[in-house]
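**Student:** sequence and computational prediction follow.
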Amino acid sequence: MNQVHEVLDGRGLAPGEHFVDSGYASADNVLAARTAEIDLVTPLLGDTSVQGRAGAGYDRAAFVIDFDARTATCPQG
């Protein structure tokens with residue numbers, strides 16, 4: 001991602017938003033795009049955690065994320 005953004009920026013063509021598939025949804029790519037002032041828009045990968053695969057415990061979907069308030073609430077409150 002960095003190379004693509006650097007080349008585009010060097011040509012004066014850096015996008016404000018870059019839409020990609022879930023294969024690019026890594027923390028490194030999101031942070032690099034943010035540093036370059038580009039919104040990386042991508043779906044998150046499916047939950048492959050032990051809890052998600054087993055259907056037991058708390059997986060990612062069990063938490064309520066409020067991005068505006070920057071808070072996460074666990075299933076127990």
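**Tutor:** The structure has been received and is ready for your questions.

**Student:** could I get the buried residue list for the lowest-mean-pLDDT helix or strand in the chain?
**Tutor:** Across the helices and strands of the chain, mean pLDDT, DSSP states H and E gives its lowest value to helix 50-54, namely a mean of 76. The neighbour-count check on helix 50-54 (16 or more other CB atoms under 10 Å) flags Gly52 as buried. C-beta coordinates here come from the backbone N, C-alpha and C atoms, glycine included.

**Student:** now swap in stretch 4-16 and tell me
**Tutor:** Using 16+ other CB under 10 Å as the burial criterion, the residues of stretch 4-16 that qualify are 5, 14.

**Student:** ok so, going back, what's the first helix or strand after the least confident helix or strand of the chain?
**Tutor:** strand 64-66 (DSSP states H and E).

**Student:** residues making contact with that next one?
**Tutor:** Outside strand 64-66, the residues that touch it by CB atoms under 8 Å, 6 or more residues apart in numbering are 71-73.

**Student:** of the residues you listed, closest to Leu45?
**Tutor:** Leu45 lies nearest to Ala72 out of the contacts of strand 64-66, by CB to CB, at 17.8 Å.

**Student:** which secondary structure elements does the helix or strand that contains that closest one contact?
**Tutor:** In this assignment (DSSP H and E), Ala72 forms part of strand 71-73. Other elements packing on strand 71-73 under the criterion 3 or more CB pairs under 8 Å, 6 or more residues apart in numbering; DSSP states H and E are strand 64-66.

**Student:** who does the strand it packs on pair up with?
**Tutor:** The pairing partners recorded for strand 64-66 under DSSP bridges are strand 71-73 (antiparallel).
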